[in-house]
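**Q** Just to be clear, the model below is a prediction. Sequence and coordinates:
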Amino acid sequence: MKNRSSSPPLHVHVDENTPVHVHIKKGQKTTPAKSQPKHKQKMKGDTVNVRRSVRVKTKVPWMPPGKTSIRESAYKWEGPTHRLEITPPDSEKLLSVLRLSDLSTDEEDAIHSKMNKYEKKIDSLMNVVGTLKNEAKIQKREEQQQIAKRLLEEQKDELDEVTQELVETEHENTLLRRNIERIKEEKDLTLMQKRHLQHEKECLMSKLVEAEMDGAAAAKQIHALKDTIGRLKNEKHMTSSDVNTLTRQKELLLQKLSTFEETNRTLRDLLKEQHNREKDAQKLMEQQGLLLKRLSDSDAEKAVMQKHAFSTWENMRFTDQAKTACELSKSMEAVRGHLQAQLRNKEAENNRLAIQIRNLERSGAQHKAEVEHIMEQLKELRQKGERDKEALKKAIRAQKERAERSEEYAEQLNVQLAEKDSYVAEALSTLESWRSRYNKVVKDKTDLELEIVMLNSRITDLLEQQTSMEDKMREDRDALVDKLHRQATESTSFKMENERLKATMVPVEEKLNQAQMEVQQLKASLRNYEGLIETYKSQVMRTRMEADEVTVKLELCDKENKTLKDEMNKEIELARKQFQRQLAELEKLPEILKITETKLAECQDQLQSYEKKNMDLSAMITDLRQRIELQGDKMEMTREKYQSAQEENKQLILKLEELERKLETTGAQNIEFLQVIAKREESIHQSQLRLEEKTRECSSLARQLEMAIEDAKRQVEQTRDRAASRERAAQSKMLELETQLSRTKTELNQLRRSKDDSERRYQSRLQDLKDRLEQSESTNRSMQNYVQFLKSSYANVFGESALLSSPIHSRSPP
């Protein structure tokens, strides 16, 4: 530094690299401006020093990028290849030229107001987005709650149906228990009846004993008659005492026979009553067995219903657990998505900060290179400013083009959103169509169940009809069997009467009257039997017709009703057992007939012996006549007695002849009875064959019914499997559609978020560009002002006229 005058020295502090041109004007007062050059030189040395400005940002309220330059006091400019940062001088160093009044605060206030408005808008948009998310979540929860309520209502309906079925089964069980109690009471009554039967059995035994005693007494009387007759044969003389004894013995025989007949009649009545009671007891036992079977079936159904109710309850609990698990998983997924979104936002912010730090580091590195050439660039600032203006215009155009492209991209995103909405609408329509199909499937299932119920009802009706027909057939068969028993008992009674007639040869007159009455009764009974046979034939024809009708009905019903149960087999087995018992009882009839034939042969032998005895008696009578003729007068009284005895013998002979005739007629009647019995045996054999054919038909029908039941069960199971598969397919499709809906919703949310992010980025970029433009303009103005200040300072110090040519432009406020 050199001092050309005696004036106080001028100290100028300048960096080594800065070129300084000093011009001194002589004779000019420099007193007023002495203090200013020093200050200005110091300011120059301070202000020209461009420093590296790398700062770490503190936590401040969020602002869009580009607005941080407003908070900082440095002036920054960033081009496509270079970056410039100038720290303005302090207010104390620029009291004369640059002041706080020169920097307009209106722009900062406007920018701050815009920033506040922008932040408020962002907050309002975030609040709106949060409310929309909350509403969407609430809608999802409401839909889930509605679905859960529907499922719960369906499960409740199923539980109500199950409870109703349980109540019905309990009601049936109560009825069956009451029936069992009644049966127990009837058992108690049967105990009383057993006691009564024991008493009746005792009475029967006593009656049998009495009948045996009467028979023994009659046999004794017959033996006494035989003894008297043999004694008379041996003595060949009859006295009045002998005649009296014969008459007495005859009367005693008649009395004994009458008592024996009365006892036999009472025994027959008692036996018939006993037989009827045994039949009633058998019917009661059969009814009791049926009731017990029904009880066991009802208990099994009750157990099945309880198992079904327990399974439905477990399904309900499992569905509740699944619902809670689904809700928890959905809530966890929502929380997970929210956390992932927050993490993504944080990562984006971290990436943004890292990019900003890298940009700052790069700017620092570039700043070092640019500091060396900054003084040379000061001369070319105008040219560079113009170039920069052109570049900024180009950048603005490029940004406008980018904004237009972003708008186009946003429109494309909107179009994609519309397409997604249409896809969602299509998915919803497909959902509704699937729901309608599902409802149709449910309706078809209900219709099938109703058809199954109708078929079951028809089958039960047919079973009832079949049971009624079987009951009628059983009643007819029982009636036939009863009639056969009656005929057998009547045949035995006829045989007993024949034996009695053969045994009671002496008391013929009363027996003849009884025999005539019995013959008339037999004729009437034969007529009745013939009528009964005709009625049986008509009944058989009717039963054939009914059986044909039943077969036709069964053939028609086989097509409609194919679900008969296993009870048919049980009933058929019971019927088989009963028919086998009846056949076993009927098989005893030929043995009884053989026994009766043997008895008839014995009776014929007895008749022949009685005829021989009669011939002997006639010979004895002739001998007695010869003796009476020989004795003559001695035996007049004896002759008279003998004549009376002879007359009695003649009468007896006539009666014997009549009895022989009657015996012949009874033999013919017996032959006719045997023929009738043979015909009945043939009819019984035919009925047995028919029964066998019917049993075969019943077994074939039962097999067909079992096959039909199995086919119907298979069809029902197939329909159930199909309905279940359809339900599963519908549920899987529903789940797929729900997943697609959730995916589309997530994609929509992602697209919306990307749209919002892109809008925010573009807005931040626009604001950055605006801020950079403002910064460049402010830097240009500050540089122009600083250049003008340098020119004025040099002009004032050195008085150079060349520098005064550039006018000083005052900074116009914006």
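**A** Nice, thanks for sending it over.

**Q** For the rest of this, base every contact and every neighbour count on C-alpha atoms.
**A** Fine.

**Q** what about the strands in the protein?
**A** Listed in chain order, the strands of the chain (DSSP state E) span 75-78, 83-86.

**Q** in the stretch 701-814 of the chain, which segments are predicted with low confidence?
**A** Across the stretch 701-814 of the chain, the stretches falling below the confidence threshold (pLDDT under 70) are 799-814.

**Q** And the stretch 201-350 of the chain, by the same measure?
**A** The model of the stretch 201-350 of the chain has pLDDT under 70 over residues 201, 204, 207, 211, 225, 232-238.

**Q** tally of neighbours for Thr746?
**A** Residues contacting Thr746 under the criterion other Cα atoms under 10 Å number 13.

**Q** Distance-wise, check it relative to Tyr762.
**A** Taking Cα to Cα, to the nearest Å as the measure, Thr746 falls 24 Å from Tyr762.

**Q** for Ala398, same thing?
**A** Distance of Ala398 to Tyr762, computed by Cα to Cα: 13 Å.

**Q** what about the two, which has more around it?
**A** Shown here are Ala398 and Tyr762; by other Cα under 10 Å, Tyr762 has more neighbours (17 against 12).

**Q** quick one: that one from Asp756, how far?
**A** Taken as Cα to Cα, the span from Tyr762 to Asp756 is 10 Å.

**Q** buried ones in stretch 681-694?
**A** Across stretch 681-694, burial judged by 16 or more other Cα atoms under 10 Å covers Ile684.

**Q** With just CA atoms, put it into PDB.
**A** Output in PDB follows, covering the C-alpha atoms of stretch 681-694 (Å, rounded to 0.1, in the frame of the first residue of the first chain):
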ATOM      1  CA  GLU A 681    -107.900-129.500   4.500                       C
ATOM      2  CA  GLU A 682    -107.500-128.900   0.800                       C
ATOM      3  CA  SER A 683    -108.700-125.300   1.300                       C
ATOM      4  CA  ILE A 684    -106.300-124.900   4.200                       C
ATOM      5  CA  HIS A 685    -103.500-126.300   2.000                       C
ATOM      6  CA  GLN A 686    -104.500-123.900  -0.800                       C
ATOM      7  CA  SER A 687    -104.600-121.100   1.700                       C
ATOM      8  CA  GLN A 688    -101.200-122.100   3.000                       C
ATOM      9  CA  LEU A 689     -99.900-122.000  -0.500                       C
ATOM     10  CA  ARG A 690    -101.400-118.700  -1.100                       C
ATOM     11  CA  LEU A 691    -100.000-117.500   2.200                       C
ATOM     12  CA  GLU A 692     -96.600-118.700   1.100                       C
ATOM     13  CA  GLU A 693     -97.000-116.900  -2.200                       C
ATOM     14  CA  LYS A 694     -98.100-113.800  -0.400                       C
END
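
**Q** Other residues contacting that stretch?
**A** Taking contacts as Cα atoms under 8 Å, 6 or more residues apart in numbering, no residue outside stretch 681-694 touches it.

**Q** Quick one: the helices in the stretch 101-250 of the chain, in order.
**A** 105-235, 240-372 (DSSP state H, counting those that start in this stretch).

**Q** Output the contacting helices and strands for the last one.
**A** When contacts are defined as 3 or more Cα pairs under 8 Å, 6 or more residues apart in numbering; DSSP states H and E, helix 240-372 sits against strand 83-86, helix 105-235.

**Q** which of the ones you listed has the lowest average pLDDT?
**A** The stretch with the lowest mean pLDDT among the helices and strands packed on helix 240-372 is strand 83-86, at a mean of 55.

**Q** How much space separates Asp482 from Glu273?
**A** For Asp482 relative to Glu273 (Cα to Cα), the value is 13 Å.

**Q** same question, Ala678
**A** In terms of Cα to Cα, Ala678 sits 29 Å off from Glu273.

**Q** In terms of pLDDT, where does Arg477 sit?
**A** 69.

**Q** start the count at 556, not 1, going forward
**A** Yep, numbering from 556; the last one is Arg1032 now.

**Q** tell me the domain ranges of the protein?
**A** Domain segmentation of the chain under automatic domain parsing yields 556-658+1316-1369, 703-923.

**Q** Please work out how many residues are found near Leu1328.
**A** 19.

**Q** ugh, wrong one, I meant Met1175
**A** So Met1175, with other Cα under 10 Å, has 16 neighbours.

**Q** That one and Lys1168: what is the separation?
**A** In terms of Cα to Cα, Met1175 sits 10 Å off from Lys1168.

**Q** Over to Ser1254?
**A** As judged by Cα to Cα, Ser1254 and Lys1168 stand 63 Å apart.

**Q** So between those two, which is more surrounded?
**A** Ser1254 (16 against 12).

**Q** Per-residue confidence, that one, what does it come out as?
**A** Model confidence at Ser1254 (pLDDT) stands at 75.
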